[in-house]
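> Have a look; sequence and predicted model below, questions after that.
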There are 2 protein chains.
Amino acid sequence: MYMEPNSTTENRIKEAARKIFIKKGLAGARMQEIADEAKINKAMLHYYYRNKEQLFKKIFEEVAAEFVPKIFSILGEDRPLEVKVQDFVSHYLDMLTRNPFLPLFVLSELRSQPEFFENAVGIKRSGILEKLAVQLKAEAKAGHIKPISPANFMANLMSLSIFPFLAQPMLQLIFSMNTQEFKNFIEERKQLIPQFIMSSLKT
Amino acid sequence: MYMEPNSTTENRIKEAARKIFIKKGLAGARMQEIADEAKINKAMLHYYYRNKEQLFKKIFEEVAAEFVPKIFSILGEDRPLEVKVQDFVSHYLDMLTRNPFLPLFVLSELRSQPEFFENAVGIKRSGILEKLAVQLKAEAKAGHIKPISPANFMANLMSLSIFPFLAQPMLQLIFSMNTQEFKNFIEERKQLIPQFIMSSLKT
DNA sequence: AAATAGTTTAACCAAATGGTTAAAATTACG
DNA sequence: CGTAATTTTAACCATTTGGTTAAACTATTT
């Protein structure tokens, strides 16, 4: 009889695959390593997911789906710009502190598999960008901020929030930070980034 | 007799290896593919470089060495902060427009091989960071800018300049840009990023 | 309990891949 | 020229790797 795909085995596979793929990427990951990590027979990987690519695709889509949509849900809310920026920064810096490898994983594989992404995330269809555009235009017209395009606004916000995690090893090396000091550095930026953004938009 | 390592073959190997490694990373690259790209026999790869890792190491060090030091040389100059920011942004946005895959390559492999980096780049030994710290402190004391740590200053500058290239596929997807439009976007940011940075530092 | 469907295992396989080798071709040079 | 050193090639090798298979095991159903 058919069974919901909820068995312990399948969950173990997913957790293991997620861990290994995120650390080593599609090309670098070994099916045997995933099986070992999940403490199951390698054949089970092929039993539940046809092959490496299928397994990877599943994991990537799940990771992308938990990484990206929040960007838009926060920016699409009906609140003052400053509050949304604070929410965004606070949420992502927390999330990335817990999962510091996610950005590199997503961006690396996105480079070679852009099509995975389009499906995994329903971006274009949501009118959120237009909403943000309207807000930015309104605030500019009201003289609260300088004019700025949504693309530049989002690029700045995402850059300042995400890049430090991508460059973590480099930053730690350059500024002689240990891991705890890096965490403090990020914690500090939770305050600083919204200040940077809002200051830079002052008329 | 011994010959300078300058033969056409060796250069072909280096160019090919660079291209393939940057596109696919260490794990994703195939020695045969590099040989094909260089139009030489695969055995030549092992004749000039002992093995895949050696070849990769050589390429990575060269790439890192042309990617990183300029960061410090520009920021270490004896010029006004605003000029240095403009120089930095202008230089890197040009360079990355020509080599958009470099950052992802460097940061990806840096994550798994941090030791390559320390050797490849003589960062710590140069007193440039101290110099920047002094300048930031002086400008703050003189009331020209808000106080900011060198780490935050550099993180902001690098984030705003480099991240868009890492996220290029995502940005193009979200904002429906084709490649030319993305180039225009970057061109526009050559002006905008220095403005952002300096505005955000206004007292 | 017998039959059936679903799950797990161990052994196996073919292709891909990094690497080697020995001989051939080419170049340097007394 | 002739000999030694260097470069290049083709064939080969061992291991790794993704994937398969058939049998054993475990529920589930009737």
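Yep, that arrived. Numbering: from 1, shown residues only, chains lettered A, B, ... in the order given.
> The helix or strand harbouring A:Val106 packs against which elements?
A:Val106 belongs to helix A:102-112 when elements are defined using DSSP states H and E. Judged by 3 or more C-beta pairs under 8 Å, 6 or more residues apart in numbering or on different chains; DSSP states H and E, the packing partners of helix A:102-112 are helix A:8-28, helix A:52-67, helix A:81-98, helix A:114-120, helix A:150-166, helix B:102-112, helix B:168-174. To be clear about C-beta, it is placed using only N, CA and C from the backbone, and glycine gets the same treatment.
> Tell me what angle the fifth one forms with helix A:81-98.
Yep, that's helix A:150-166 we're talking about. 30 degrees (axes from the mean of the first three to the mean of the last three C-alpha atoms, to 10 degrees).
> Roughly how far does the nearest residue to A:Glu37 once chain neighbours are set aside sit from DNA strand D?
Nearest non-adjacent residue to A:Glu37, counting by C-beta to C-beta, 6 or more residues apart in numbering or on different chains: A:Ala16, 3.8 Å away. A:Ala16 is 13 Å from DNA strand D, where distance means C-beta to the nearest atom of the strand, to the nearest Å.
> Over to A:Leu132?
41 Å.
> What is the neighbour count of that residue?
Using other C-beta atoms under 10 Å in any protein chain shown, A:Leu132 has 19 other residues around it.
> Would you mind giving the secondary structure of it?
Using DSSP: H, G, I helix; E, B strand; the rest coil, the structure places A:Leu132 in helix.
> Would you indicate which residues of the helix holding A:Val106 are buried?
For helix A:102-112, a neighbour-count test (16 or more other C-beta atoms under 10 Å in any protein chain shown) marks A:102-111 as buried.
> Now tabulate those residues in TSV and tack on pLDDT.
Formatted as TSV, the buried residues of helix A:102-112 follow (pLDDT from 0 to 100):
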residue	pLDDT
A:Leu102	96
A:Pro103	96
A:Leu104	96
A:Phe105	96
A:Val106	95
A:Leu107	95
A:Ser108	94
A:Glu109	91
A:Leu110	89
A:Arg111	87
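> what two of those residues are the furthest from one another?
A:Leu102 and A:Arg111 (15.0 Å; C-beta to C-beta).
> so where's chain A shaky on pLDDT?
A:1-7, A:116, A:118-125 (pLDDT under 70).
> That one - how does it break down into domains?
A:8-61, A:68-201 (automatic domain parsing).
> between those domains, which gets nearest to B:Lys52?
Here domain A:8-61 is closest among these (C-beta to C-beta), at 13.1 Å.
> before we move on, back to that, just list the residues touching the residue nearest to A:Glu37, thanks.
A:34-35, A:37-38 (C-beta atoms under 8 Å, 6 or more residues apart in numbering or on different chains).
> just to revisit the earlier point, and among the helices and strands packed on helix A:102-112, the most buried is which?
helix A:150-166 (a mean of 24; mean count of other C-beta atoms under 10 Å in any protein chain shown).
> counting contacts, what elements does whichever helix in chain A runs longest pack onto?
Determined from DSSP state H, the single longest helix within chain A is helix A:179-201. Applying 3+ C-beta pairs under 8 Å, 6+ apart, one finds that helix A:179-201 makes contact with helix A:81-98, helix A:150-166, helix A:168-174, helix B:150-166, helix B:179-201.
> Need these in TSV (columns: distance to B:Asn11).
Compiled in TSV, those are given as follows (distance: least, C-beta to C-beta, whole Å):
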stretch	distance to B:Asn11
helix A:81-98	41
helix A:150-166	32
helix A:168-174	29
helix B:150-166	27
helix B:179-201	29
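> between the domains of chain A, which gets nearest to DNA strand C?
domain A:8-61 (3.4 Å; C-beta to the nearest atom of the strand).
> Endpoints of the closest one, how far apart?
Using C-alpha to C-alpha, to the nearest Å, one end of domain A:8-61 lies 21 Å from the other.
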